[in-house]
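A.B. asks: my questions concern the predicted model and sequence given below.
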Amino acid sequence: MQRARAPRLADASLAIGGTLDHIDQGKLATARHRYHSALLIGERETAARASPLMCKHHALARRLRQREDDYLRYTTAAKHGIGMLDALTKAAAGSAWVPQTP
């Protein structure tokens, strides 16, 4: 299943003017694996939903996992030099990065 997702991320790089020549497939696979593992750990560690905050954290981890491909396609920020992880972290925290309007 993870192999099917990796080409989508590579396609996103092409969409923002990148090329597949400088995407290290091993590093890409490692990053995707770590991201997915972090989501699974977050979901598992908050499964008890023992507090309102834990419920929110669990819902976030579940949403990120269920819409993983959508979040990993978030490439607009990359065009502006904002790292994908930084953009997603800010969005999840409620302070999404928004490009300046001309």
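C.D. replies: Good, I have the coordinates. Numbers count the residues shown, from 1 in each chain.
A.B. asks: buried residues, the longest helix that the chain contains. List them.
C.D. replies: Identified as the longest helix of the chain according to DSSP state H is helix 25-45. Neighbour-count burial for helix 25-45 flags A31, R32, Y35, H36, L39, G42, E43 (criterion: 16 or more other CB atoms under 10 Å). To be clear about C-beta, it is placed using only N, CA and C from the backbone, and glycine gets the same treatment.
A.B. asks: which of the residues you listed sits closest to A59?
C.D. replies: A59 lies nearest to E43 out of these, by CB to CB, at 9.7 Å.
A.B. asks: looks like the closest one contacts H58 (just checking).
C.D. replies: Yes. Counting by CB atoms under 8 Å, E43 touches H58, with 6.5 Å between them.
A.B. asks: can you pull the contacts of T46?
C.D. replies: M54, C55, H57, H58, A61 (CB atoms under 8 Å, 6 or more residues apart in numbering).
A.B. asks: not counting sequence-adjacent ones, nearest residue to it?
C.D. replies: H58 (3.7 Å; CB to CB, 6 or more residues apart in numbering).
A.B. asks: residues in contact with that neighbour?
C.D. replies: G42, E43, T46, A47, R49.
A.B. asks: separation between the third one and A92?
C.D. replies: Between T46 and A92 the distance is 14 Å, computed by CB to CB, to the nearest Å.
A.B. asks: next one: P52
C.D. replies: 17 Å.
A.B. asks: out of those two, name the residue with the larger neighbour count.
C.D. replies: A92 (14 against 8; other CB atoms under 10 Å).
A.B. asks: need phi/psi at the more buried one.
C.D. replies: Taking degrees, to the nearest 10, you get phi -70, psi -30 for the backbone angles of A92.
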